[in-house]
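Undergrad: Need a 3D model of the sequence below.
(one chain, ligands or ions: 1)
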Amino acid sequence: MTSPDLEAVPASAYREAMAQLASAVHLVTTDGPGGRAGLTATSVCSVSDGPPTLLVCLNRGSSAYPAFLRNGVLCINTLTAAQEDLAADFAGRVPRAERFEGREWGKLQTGAPVLPDALVAFDCRIVDHHTVGTHDVLICEVAALAEIRDTDGLLYAGRHYRVLPRRTASAG
Ligand SMILES: Cc1cc2nc3c(=O)[nH]c(=O)nc-3n(C[C@H](O)[C@H](O)[C@H](O)COP(=O)(O)O)c2cc1C
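TA: I've put the predicted structure just below:
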(Lines give C-alpha, C1' and ligand atoms only; values in the text may rest on other atoms or scores of the structure.)
Protein backbone atom coordinates (compact mmCIF):
# COMPACT_ATOMS: atom_id res chain seq x y z
CA MET A 1 0.00 0.00 0.00
CA THR A 2 1.44 3.41 -0.99
CA SER A 3 0.38 6.64 0.71
CA PRO A 4 -0.04 9.67 -1.62
CA ASP A 5 1.34 11.91 1.17
CA LEU A 6 4.58 9.94 1.35
CA GLU A 7 5.05 10.18 -2.43
CA ALA A 8 5.18 13.99 -2.02
CA VAL A 9 8.56 13.68 -0.23
CA PRO A 10 11.38 13.47 -2.82
CA ALA A 11 13.89 10.68 -2.26
CA SER A 12 16.77 13.20 -2.20
CA ALA A 13 15.12 15.21 0.61
CA TYR A 14 14.50 12.00 2.54
CA ARG A 15 18.15 10.94 2.15
CA GLU A 16 19.36 14.37 3.32
CA ALA A 17 17.10 14.19 6.38
CA MET A 18 18.29 10.65 7.19
CA ALA A 19 21.93 11.80 6.88
CA GLN A 20 21.35 13.85 10.06
CA LEU A 21 20.92 10.66 12.11
CA ALA A 22 24.01 9.12 13.73
CA SER A 23 24.35 5.35 13.33
CA ALA A 24 26.73 2.60 14.36
CA VAL A 25 28.56 1.05 11.40
CA HIS A 26 28.57 -2.70 10.74
CA LEU A 27 30.04 -5.21 8.30
CA VAL A 28 27.21 -7.60 7.49
CA THR A 29 28.74 -10.90 6.35
CA THR A 30 27.52 -14.29 5.18
CA ASP A 31 28.90 -17.65 4.05
CA GLY A 32 27.43 -20.95 2.87
CA PRO A 33 26.18 -22.52 -0.39
CA GLY A 34 25.62 -19.03 -1.86
CA GLY A 35 29.25 -18.08 -1.25
CA ARG A 36 31.01 -15.65 1.09
CA ALA A 37 29.85 -12.04 0.84
CA GLY A 38 29.64 -8.88 2.88
CA LEU A 39 28.82 -5.20 2.82
CA THR A 40 28.84 -2.13 5.06
CA ALA A 41 25.48 -1.30 6.62
CA THR A 42 24.06 1.15 9.12
CA SER A 43 20.40 0.07 8.94
CA VAL A 44 20.54 -2.39 11.83
CA CYS A 45 18.02 -2.24 14.67
CA SER A 46 16.97 -4.37 17.63
CA VAL A 47 13.50 -5.92 17.33
CA SER A 48 13.10 -8.01 20.52
CA ASP A 49 15.09 -9.64 23.32
CA GLY A 50 12.72 -12.61 23.51
CA PRO A 51 13.92 -14.31 21.41
CA PRO A 52 16.92 -12.03 20.73
CA THR A 53 16.07 -10.67 17.28
CA LEU A 54 17.34 -7.80 15.14
CA LEU A 55 16.62 -6.49 11.68
CA VAL A 56 18.88 -5.34 8.88
CA CYS A 57 17.78 -3.61 5.65
CA LEU A 58 19.71 -4.69 2.55
CA ASN A 59 19.55 -3.23 -0.95
CA ARG A 60 18.44 -6.02 -3.29
CA GLY A 61 20.65 -4.47 -5.99
CA SER A 62 23.92 -4.99 -4.08
CA SER A 63 26.25 -7.68 -5.45
CA ALA A 64 26.24 -9.40 -2.05
CA TYR A 65 22.47 -9.63 -1.67
CA PRO A 66 21.73 -13.02 -3.36
CA ALA A 67 24.29 -14.76 -1.12
CA PHE A 68 22.44 -13.61 2.03
CA LEU A 69 19.13 -15.11 0.93
CA ARG A 70 20.70 -18.36 -0.27
CA ASN A 71 22.80 -18.87 2.88
CA GLY A 72 20.06 -17.91 5.35
CA VAL A 73 22.66 -16.78 7.89
CA LEU A 74 24.59 -13.58 8.57
CA CYS A 75 26.83 -11.91 11.11
CA ILE A 76 26.54 -8.25 12.12
CA ASN A 77 30.12 -7.14 12.94
CA THR A 78 29.96 -3.75 14.65
CA LEU A 79 33.07 -1.69 13.84
CA THR A 80 35.47 0.09 16.18
CA ALA A 81 36.91 3.54 15.55
CA ALA A 82 40.10 1.88 14.23
CA GLN A 83 38.15 0.08 11.46
CA GLU A 84 37.01 3.00 9.29
CA ASP A 85 39.10 1.66 6.38
CA LEU A 86 37.19 -1.64 6.51
CA ALA A 87 33.90 0.26 6.34
CA ALA A 88 35.04 1.94 3.10
CA ASP A 89 36.33 -1.37 1.66
CA PHE A 90 33.03 -3.18 2.27
CA ALA A 91 31.00 -0.23 0.96
CA GLY A 92 32.40 -0.79 -2.54
CA ARG A 93 36.02 0.47 -2.49
CA VAL A 94 37.17 -3.13 -2.81
CA PRO A 95 35.46 -5.60 -5.21
CA ARG A 96 33.23 -8.19 -3.53
CA ALA A 97 35.59 -11.12 -4.19
CA GLU A 98 38.54 -9.40 -2.46
CA ARG A 99 36.83 -7.89 0.61
CA PHE A 100 37.78 -10.74 2.97
CA GLU A 101 41.46 -10.92 1.98
CA GLY A 102 44.33 -10.01 4.32
CA ARG A 103 42.84 -10.98 7.69
CA GLU A 104 41.74 -14.04 9.68
CA TRP A 105 37.96 -14.38 10.00
CA GLY A 106 36.36 -16.41 12.79
CA LYS A 107 33.06 -18.30 13.14
CA LEU A 108 30.51 -18.73 15.92
CA GLN A 109 27.37 -20.93 15.46
CA THR A 110 26.14 -20.31 11.91
CA GLY A 111 29.41 -20.20 9.94
CA ALA A 112 28.97 -16.55 8.92
CA PRO A 113 32.35 -14.69 8.99
CA VAL A 114 33.13 -13.02 12.33
CA LEU A 115 35.61 -10.12 12.43
CA PRO A 116 37.79 -11.02 15.45
CA ASP A 117 38.44 -7.45 16.64
CA ALA A 118 34.93 -6.07 16.09
CA LEU A 119 33.35 -3.99 18.89
CA VAL A 120 30.75 -6.79 19.13
CA ALA A 121 29.33 -9.36 16.71
CA PHE A 122 25.81 -10.83 16.40
CA ASP A 123 25.76 -14.25 14.69
CA CYS A 124 22.28 -14.73 13.22
CA ARG A 125 19.86 -16.96 11.33
CA ILE A 126 17.56 -15.13 8.90
CA VAL A 127 14.05 -16.17 9.98
CA ASP A 128 11.94 -13.89 7.75
CA HIS A 129 12.26 -11.17 5.13
CA HIS A 130 9.99 -8.49 3.71
CA THR A 131 10.41 -6.44 0.55
CA VAL A 132 10.00 -2.67 0.98
CA GLY A 133 10.85 -0.50 -2.04
CA THR A 134 14.47 -1.06 -3.11
CA HIS A 135 15.39 -2.97 0.06
CA ASP A 136 14.57 -6.20 1.88
CA VAL A 137 14.10 -6.11 5.63
CA LEU A 138 15.77 -9.24 7.02
CA ILE A 139 14.52 -10.43 10.40
CA CYS A 140 17.37 -12.23 12.13
CA GLU A 141 17.39 -14.40 15.24
CA VAL A 142 20.63 -14.10 17.20
CA ALA A 143 22.29 -17.53 17.61
CA ALA A 144 25.50 -16.37 19.30
CA LEU A 145 27.35 -13.25 20.42
CA ALA A 146 31.05 -12.39 20.29
CA GLU A 147 32.89 -10.84 23.20
CA ILE A 148 32.35 -7.07 23.65
CA ARG A 149 35.58 -5.03 23.17
CA ASP A 150 36.42 -2.20 25.54
CA THR A 151 37.32 0.36 22.86
CA ASP A 152 36.00 3.38 20.93
CA GLY A 153 33.09 2.86 18.53
CA LEU A 154 32.60 4.08 14.96
CA LEU A 155 29.65 6.28 13.99
CA TYR A 156 28.40 7.54 10.62
CA ALA A 157 26.66 10.92 10.76
CA GLY A 158 26.37 13.84 8.34
CA ARG A 159 27.95 11.58 5.68
CA HIS A 160 31.20 11.32 7.68
CA TYR A 161 32.71 8.69 9.96
CA ARG A 162 33.19 9.83 13.57
CA VAL A 163 34.62 8.38 16.77
CA LEU A 164 32.36 7.47 19.68
CA PRO A 165 34.69 7.49 22.72
CA ARG A 166 34.25 4.56 25.11
CA ARG A 167 32.78 5.84 28.35
CA THR A 168 35.20 5.04 31.15
CA ALA A 169 34.18 4.23 34.73
CA SER A 170 35.88 7.42 35.98
CA ALA A 171 33.82 9.53 33.53
CA GLY A 172 30.69 8.50 35.47
C1 LIG B 1 27.98 4.30 5.89
C2 LIG B 1 27.28 3.39 4.92
C3 LIG B 1 26.14 2.73 5.32
C4 LIG B 1 25.47 1.84 4.46
N5 LIG B 1 24.36 1.19 4.89
C6 LIG B 1 23.75 0.29 4.08
C7 LIG B 1 22.64 -0.46 4.54
O8 LIG B 1 22.19 -0.31 5.69
N9 LIG B 1 22.08 -1.36 3.69
C10 LIG B 1 22.56 -1.57 2.42
O11 LIG B 1 22.02 -2.40 1.68
N12 LIG B 1 23.62 -0.86 1.94
C13 LIG B 1 24.22 0.04 2.74
N14 LIG B 1 25.31 0.75 2.30
C15 LIG B 1 25.77 0.51 0.94
C16 LIG B 1 26.61 -0.73 0.80
O17 LIG B 1 27.66 -0.82 1.74
C18 LIG B 1 27.23 -0.68 -0.63
O19 LIG B 1 26.34 -0.18 -1.54
C20 LIG B 1 27.51 -2.02 -1.15
O21 LIG B 1 28.26 -2.80 -0.33
C22 LIG B 1 28.33 -1.86 -2.44
O23 LIG B 1 27.68 -2.58 -3.36
P24 LIG B 1 28.31 -3.96 -3.89
O25 LIG B 1 28.32 -4.90 -2.72
O26 LIG B 1 27.36 -4.29 -4.96
O27 LIG B 1 29.70 -3.61 -4.36
C28 LIG B 1 25.98 1.64 3.15
C29 LIG B 1 27.14 2.30 2.74
C30 LIG B 1 27.78 3.17 3.63
C31 LIG B 1 29.05 3.86 3.18
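Undergrad: alpha carbons only for contacts and neighbour counts from here, please
TA: OK.
Undergrad: ok, residue 156 touching residue 164?
TA: No - the pair residue 156 / residue 164 is not scored as a contact, 9.9 Å apart, by C-alpha atoms under 8 Å.
Undergrad: Tell me the residues of the chain that contact the ligand?
TA: Taking C-alpha under 6 Å from any ligand atom as the criterion, the chain approaches the ligand at residues 39-43, 57-59, 62-64, 90-92, 96, 156.
Undergrad: What are the boundaries of the strands in the chain?
TA: Assigned by DSSP state E, the chain shows strands spanning 23-24, 26-30, 37-41, 44-49, 52-59, 73-78, 120-132, 135-145, 153-157, 160-164.
Undergrad: pLDDT below threshold where in the chain?
TA: Within the chain, the segments meeting pLDDT under 70 span 1-7, 169-172.
Undergrad: repeat that with 80
TA: 1-7, 168-172 (pLDDT under 80).
Undergrad: before we move on, the earlier item: who has more neighbours, residue 156 and residue 164?
TA: The neighbour count for residue 156 versus residue 164, taken as other C-alpha atoms under 10 Å, is higher for residue 156 (19 against 15).
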